[in-house]
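J.: curious how this folds, go ahead:
(one chain, ligands or ions: 1)
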Amino acid sequence: MEDISNVHVTDYIPTIYTTPATLHYKQNNQAKKANIFLERNGVVIVLYNKTKDMLVLVKQFRPSVFHQLVPEAERTSVDTNKYPPKQAITLEFCAGLEDKDAPSEVVAQEEILEECGYQVPLEDLEQIFRFCNLSETTGARSTFFYCEVTEAQRVSQGGGSVEEHEIVEVIEMKVEDVLNYSRQSYVCSPMNFMFLFNWFLYHKYPKTRQIA
Ligand SMILES: Nc1ncnc2c1ncn2[C@@H]1O[C@H](COP(=O)(O)OP(=O)(O)O[C@H]2O[C@H](CO)[C@@H](O)[C@H](O)[C@H]2O)[C@@H](O)[C@H]1O
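T.: Now for the predicted structure:
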């Protein structure tokens with residue numbers, strides 16, 4: 001996963017994932033415009049292995065995090081000795097984009113299988129909230145689920161979609177270890193990681209009081 005080379009930044013090349021646009025509007029009769037990114041909605045799943053009493057998380061290299069580490073003047077050709085790519089490997093809950101015309105539950109079910117290797121029935125997915133990601137540039141929506149699994153539901157190693165050449169490492173962590181991880185001065189995880197972990201501690205984890 002850390003074998004990243006030939007890193008350089010170019011102008012934007014359109015793909016199916018994001019579309020930059022300028023949105024024009026009038027507010028109180030004043031013409032305004034905003035630069036936005038049209039992005040797909042997504043799902044994120046807090047996955048808890050009851051058999052092992054562990055949270056199932058994923059690690060992956062995130063190009064956007066890496067990009068942020070490198071000063072603008074050095075992005076034409078990035079020195080990966082100076083800026084080690086492993087610094088951009090994030091720890092996240094299982095997640096994915098809603099890239100097909102299917103309910104969020106179905107997308108979540110597929111991501112759990114693809115990334116983490118567990119086959120779960122749809123009725124085991126508990127929708128916990130749905131949020132607007134909301135920054136000035138995106139208003140895409142995330143739907144969050146909670147799902148408990150057992151070892152018997154593990155049908156593969158996970159690791160991500162082969163067709164998409166996805167490279168995902170499945171990491172199972174004791175809740176205490178996630179708590180220690182989340183107390184570092186810099187947490188290399190998306191912001192939703194913290195609120196989902198806290199939600200889990202508060203609402204689901206039976207031993208919350210013992211580890212607080
Ligand atoms: N911008 C992009 N440019 C090029 N290729 C891309 C891309 N976005 C996705 N891909 C490709 O699509 C593959 C599959 O993506 P997934 O649907 O599994 O979402 P991911 O886990 O990246 O999280 C995604 O969905 C979750 C839930 O919304 C978000 O939190 C997270 O930021 C988001 O990447 C990736 O491995 C990559 O190859």
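
J.: what about residue 129, distance to residue 44?
T.: When distance is defined by Cβ to Cβ, to the nearest Å, residue 129 is 10 Å away from residue 44. Where you see a C-beta, it was placed from the backbone N, CA and C, and this is true even at glycine.

J.: where along the protein do the helices fall?
T.: Taking DSSP state H as the test, the helices found in the chain are 63-69, 104-111, 175-182, 191-203, 208-211.

J.: roughly how far apart are residue 129 and residue 187?
T.: In this view, residue 129 and residue 187 are 21 Å apart by Cβ to Cβ.

J.: whoops, residue 62 was the one
T.: Between residue 62 and residue 187 the distance is 13 Å, computed by Cβ to Cβ.

J.: can you pull the contacts of residue 97?
T.: Taking Cβ atoms under 8 Å, 6 or more residues apart in numbering as the definition of contact, the neighbours of residue 97 are 17, 40-42, 107.

J.: intersect the residues you listed with the contacts of the ligand.
T.: 17, 42 (Cβ under 6 Å from any ligand atom).

J.: most distant residue from the middle of the chain?
T.: No residue in the chain has its C-alpha farther from the mean C-alpha position than residue 29, which lies at 39.2 Å (Cα atoms, centre = their mean).

J.: now that residue. Its backbone dihedrals?
T.: With angles defined as degrees, to the nearest 10, residue 29 shows backbone torsions of phi 70, psi 10.

J.: need the pLDDT of it.
T.: In the predicted model, residue 29 carries a pLDDT score of 97.

J.: now residue 71
T.: Reading off the confidence values, residue 71 has pLDDT 94.

J.: tally up the residues packed near it, please.
T.: By other Cβ atoms under 10 Å, 8 other residues sit near residue 71.

J.: and it, its phi and psi?
T.: As for residue 71, its main-chain torsions (degrees, to the nearest 10) stand at phi -60, psi 150.

J.: ok, now how distant is it from residue 59?
T.: Note on residue 71: its distance to residue 59, by Cβ to Cβ, is 25 Å.

J.: equivalent analysis for residue 9, please.
T.: Note on residue 9: its distance to residue 59, by Cβ to Cβ, is 23 Å.

J.: picking up where we left off before, winner for burial among the helices of the chain?
T.: Among the helices of the chain, ranked by average contacts under mean count of other Cβ atoms under 10 Å, first place goes to helix 104-111 (a mean of 20).
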